[in-house]
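Peer 1: Turn this into a structure:
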Amino acid sequence: MSSGALPPFTVLHSEDLLARVASLAAPGAKVEVAEAVGGAKGLLRAAPAALADSLKLAGLTGLGEPEEVRTLGPF
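Peer 2: Purely as a prediction, here's the structure:
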């Protein structure tokens, strides 16, 4: 299950949305979440750790390390 994986990566995953994803995912399912984070103006989360906290609060476990996603151009 993927969420926010297509450019322009502007989805903000609320705890409610992530909890819904967790409830719909089959046990052992792989869930991939892409979300823009950082200190740039307009970004709603300041750091990957803030997204990880939201994932944990929503009940998602077995979190992997955050990965940087680079785009090939403006979208």
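Peer 1: Return the residues in contact with the spatially closest residue to S2 that is not a sequence neighbour.
Peer 2: Nearest residue to S2 in three dimensions, chain neighbours excluded: E32, at 4.6 Å (CB to CB, 6 or more residues apart in numbering). To be clear about C-beta, it is placed using only N, CA and C from the backbone, and glycine gets the same treatment. By CB atoms under 8 Å, 6 or more residues apart in numbering, the contact list for E32 reads M1, S2, S3, A5.
Peer 1: residue boundaries of the helices in this structure?
Peer 2: 15-24, 48-57 (DSSP state H).
Peer 1: Same list (those) but as CSV, adding mean pLDDT and mean neighbour count.
Peer 2: Formatted as CSV, the helices of the chain follow (pLDDT from 0 to 100; neighbours: other CB atoms under 10 Å):
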stretch, mean pLDDT, mean neighbour count
helix 15-24, 90, 14
helix 48-57, 88, 15
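Peer 1: will you turn the ones you listed into a markdown table that also has distance to E65?
Peer 2: Output for these, formatted as a markdown table (distance: least, CB to CB, whole Å):
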| stretch | distance to E65 |
| --- | --- |
| helix 15-24 | 18 |
| helix 48-57 | 9 |
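Peer 1: Which stretch among those helices approaches L63 most closely?
Peer 2: Nearest to L63 among the helices of the chain is helix 48-57 (5.8 Å), distances taken as CB to CB.
Peer 1: which strands and helices sit next to the closest one?
Peer 2: The elements that helix 48-57 packs onto, with contact taken as 3 or more CB pairs under 8 Å, 6 or more residues apart in numbering; DSSP states H and E, are helix 15-24.
Peer 1: and which of the contacts of E32 is nearest L51?
Peer 2: S3 (11.5 Å).
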